[in-house]
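>>> Requesting a structural model of the entry that follows:
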Amino acid sequence: MKKIRFFITIFIVILVASPTLSQEIEEGSSWKVIDMPFNYQNIQVPRKVWALIKEGMKADGADKKILENFSVLPISVGVELYSENNVVLRGGLNYRLNFVEGGGEIDFFDYLSGKGPFQLRMVPDFQEEKNFHLLYVSESPGEVKEGNAWGNGCGKIFDLSEKADVFTYGSGVNLTASRRHYLHLMAGTYIFFQLIEERLYLGYIRLTDSRYPSFQCKGN
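Numbering: from 1, shown residues only. Next up, the predicted model:
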C-alpha cells in the first residue's frame with residue numbers, strides 16, 4: 001500500500017511551520033521531545049474509510065443536515081515511544097513526537113536501534129472530553145510464523161474505536177522490536193476523528209519502517 005491517500009471530496013491544507021525539526025531533551029529526564037516538521041499538503045481519505053467516518057458521525061448523532069454541510073478541522077497528534085530497556089530506542093532515550101495540523105508519518109528506522117520490548121502511545125488533541133473514533137488501515141501483509149498468523153493484511157480496514165483506550169491511555173500498546181513484531185502488529189495508518197456539533201476533528205498517524213519495504217503494501 002502506498003502512502004495513504006486521504007480525502008476524496010474534502011481537502012485539508014496542512015500549514016508549513018519550519019523545514020527543520022525542533023528537538024529538546026527534558027532536563028533531568030530520558031525523554032527527547034521532537035516537534036515534527038510539516039508541509040502544505042492535501043490529505044486524501046480512501047472512499048471506504050470516508051464511508052466509515054460518516055457511519056461514525058451518524059452514530060454520534062449527526063443528522064442529514066450536518067452530514068451534508070460540516071467543516072473538517074485537523075488536530076494535533078502526539079506519539080510517545082518508551083522503553084525501560086535502554087538499548088531498544090536510539091540513544092537510550094524515550095521519544096515524544098508532536099505532529100501538528102493533522103498528523104504525519106513515523107519511520108521506526110529513526111527511533112529503533114536494538115531488540116527488546118517498548119511501548120507506543122498515541123495522543124490525539126481533541127477539543128473536548130467526548131466520544132471519539134479510531135480507524136486502522138493495515139499495511140502489514142500478513143504471514144504465518146510457526147503456525148500462527150502474523151499481520152492483518154494489506155489495505156484491510158479495522159474499526160478500533162471500542163479499543164481506542166489501549167492506544168491512547170496508560171502506557172499504550174506493548175510491542176517488541178524482535179522479529180519485526182511491531183510492524184506485523186502496527187504497520188499502517190491510524191485515523192482519529194471526533195464530531196462536535198457541525199465540526200469534524202480529524203488526525204492521523206502512519207507507522208512504517210523504511211528498512212523493510214515489504215511492509216509498504218503496493219497496489220492499494
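>>> name the element the residue of the chain positioned farthest from its centre belongs to?
Of all residues in the chain, Lys65 has its C-alpha farthest from the mean position, at 29.8 Å, by CA atoms, centre = their mean. Assessed by DSSP states H and E, Lys65 sits inside helix 64-68.
>>> now swap in His184 and tell me
Counting by DSSP H and E, His184 is part of helix 181-186.
>>> Tell me who's in contact with the most centrally placed residue in the chain.
In the chain, the centroid-proximal residue (CA atoms, centre = their mean) is Ile205; its distance is 2.3 Å. For Ile205, the contacting residues are 77, 79, 99, 103-106, 122, 189-190, by CB atoms under 8 Å, 6 or more residues apart in numbering. All C-beta spots, glycine's among them, are computed from the backbone N, C-alpha and C.
>>> Parallel or antiparallel, list what pairs with the strand or helix carrying it.
Element membership of Ile205 [criterion: DSSP H and E] is strand 199-208. If you go by DSSP bridges, strand 199-208 pairs up with strand 71-74 (parallel), strand 103-107 (parallel), strand 188-196 (antiparallel).
>>> What residues sit buried inside the first one?
Taking 16 or more other CB atoms under 10 Å as the neighbour-count basis, strand 71-74 is seen to contain the buried residues 72-74.
>>> Only the buried residues of the biggest helix by length in the chain, if you could.
The longest helix of the chain (DSSP state H) is helix 47-59. Along helix 47-59, these residues count as buried under the neighbour rule (16+ other CB under 10 Å): 49-50, 52-53, 56-57.
>>> Which neighbouring elements make contact with that helix?
helix 64-68, strand 133-138, strand 157-159, strand 188-196, strand 199-208 (3 or more CB pairs under 8 Å, 6 or more residues apart in numbering; DSSP states H and E).
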